[in-house]
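Chemist: 3D, please:
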Amino acid sequence: MNAQVSGLRDDDRRPPVNELLEVAQHGLALKPKRLPSWMFYDERGSDLFDLICEQPEYYLTRCEIALMAQHAESIADVLGSDVRLVEYGSGNARKTRMLLRHLHAPVAYVPVEISPEPLRQSVERLSREFPQLPMQPLCADFSKPLRFPISPRAPRRTVLYFPGSTIGNFESREAAVLLRKMRNEMGDAGGILIGVDLKKDPSVIEAAYNDAAGVTAEFTLNMLTRLNREIGSNFDVSAFAHRAHYNPMAGRIETHIVSRRAQQVKIGRASVAFRDDEAIQVEYSCKYSMEDFAALSAKAGLAVLRVWTDPEQMFSVQYLVRASTVAR
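Modeler: Prediction:
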């Protein structure tokens, strides 16, 4: 029997050229300069991120997969039957596949992804493995309010699945805003199943963002290649470098694109000056203690109901529900 796959919907996750130009001009006029991390994820960026996850230094994917292999059945039991699973940033859905194998009579799977082609490929693969599961892919920006497709039957609850450690890419205030949005979207009986990277030896964390093969550096600098292609800027990519370091006071990796020399870059009709060693801040990757993340969740009106960790206690998957539900 063929899988039930509804058509892709595009909620303008890819901004029009004039908006991309406006965002770039605004960010590069700031002091210090800053560009949003969603600019990483054109088709090439998505492919490179998949390669990052395979690097030996990148413990996050390895630990999360070990966690899911050990606990997916227990997680499915906690989520219960008749769940609509909505995944933020679905990518290749490798970890999702492990969860779907154990879910009890799921109503639908709604993958939400930035890049249309990786989304289509992922849905095709999952459709072959789960032919009875209705799939409703959504090409949209998960940081903005989402309009979920109508489910083929009424779910008992909607669970928003946010694997990886993407919540760490948001500063504390922004993360709380996103969690509040998710709280609204999941509904009264819903929940959030979320990956949270834990604090650990800073050298282990820093190595994960500076792999020896240079894949992360290529991923970071691909942002400039994308801007050259899509808005006609003239970045000399070889004149910039990737830099990522761990800030122990803030508990986060801070990633920058750094100018190797003094130079001028054309952005639309404007010319942007760079000093030698001047940096563009492009991403944060926050790490949490259990107490840190419980406090962040509380700011969004959520409570941590369950926590699962990998055998090395380096990574966690946490299940959040409305705080009022736990308080009863």
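
Chemist: C-alpha only now, for contacts and for neighbours.
Modeler: Noted.

Chemist: my read: residue 217 touches residue 241, true?
Modeler: Yes: counting by CA atoms under 8 Å, residue 241 is a contact partner of residue 217 at 7.4 Å.

Chemist: So which residues of the stretch 51-200 of the chain form strands?
Modeler: All strands of the stretch 51-200 of the chain, identified by DSSP state E, counting those that start in this stretch, fall at 83-88, 108-113, 138-139, 157-162, 191-197.

Chemist: Give the partner strands of the longest one in its sheet and their orientations.
Modeler: Strand 191-197 pairs in its sheet with strand 157-162 (parallel), strand 315-322 (antiparallel), by DSSP bridges.

Chemist: Now do that strand, average pLDDT.
Modeler: Summarised as a single mean, pLDDT over strand 191-197 is 98.

Chemist: buried residues in the next helix-or-strand element following that strand?
Modeler: Counting by DSSP states H and E, the element after strand 191-197 in chain order, helix or strand, is helix 202-208. By 16 or more other CA atoms under 10 Å, the buried positions in helix 202-208 come out as 205, 206, 207, 208.

Chemist: contacting residues around the second one?
Modeler: Right, the one you point to is residue 206. 244, 245, 246, 253 (CA atoms under 8 Å, 6 or more residues apart in numbering).

Chemist: give me that answer again for 6 Å
Modeler: 245, 246 (CA atoms under 6 Å, 6 or more residues apart in numbering).

Chemist: what ranges do the helices span in the stretch 201-328 of the chain?
Modeler: Here the stretch 201-328 of the chain has its helices, by DSSP state H, counting those that start in this stretch, at 202-208, 215-231, 290-299, 323-327.

Chemist: Residues touching the shortest one, excluding its own?
Modeler: Among residues not part of helix 323-327, those counted as contacts by CA under 6 Å, 6+ apart are 301, 302, 303.

Chemist: Just the buried residues of these.
Modeler: 301, 302, 303.

Chemist: What residues does the last one make contact with?
Modeler: The neighbours of residue 303, taking CA under 6 Å, 6+ apart as the test, are 320, 321, 323.

Chemist: If we ignore the residues flanking it in sequence, what's nearest it?
Modeler: What sits nearest to residue 303 in space, not counting adjacent residues and going by CA to CA, 6 or more residues apart in numbering, is residue 323, at 4.7 Å.

Chemist: Please tell me how far that neighbour sits from residue 301.
Modeler: Look at residue 323 and residue 301: by CA to CA, to the nearest Å, they are 5 Å apart.

Chemist: roughly how far is stretch 66-73 from the heart of the chain?
Modeler: Averaged C-alpha coordinates place stretch 66-73 at 20 Å from its chain's average position (CA atoms, centre = their mean, to the nearest Å).

Chemist: remind me which residues of the stretch 101-250 of the chain are low pLDDT?
Modeler: Within the stretch 101-250 of the chain, not a single segment meets pLDDT under 70.

Chemist: hmm, back to that, please identify which of residue 217 and residue 241 sits among more neighbours.
Modeler: Counted by other CA atoms under 10 Å, residue 217 and residue 241 do not tie: residue 217 has more neighbours, with 21 against 17.

Chemist: that older thread, distance of the residue nearest to residue 303 from residue 293?
Modeler: Distance, residue 323 to residue 293, using CA to CA: 14 Å.
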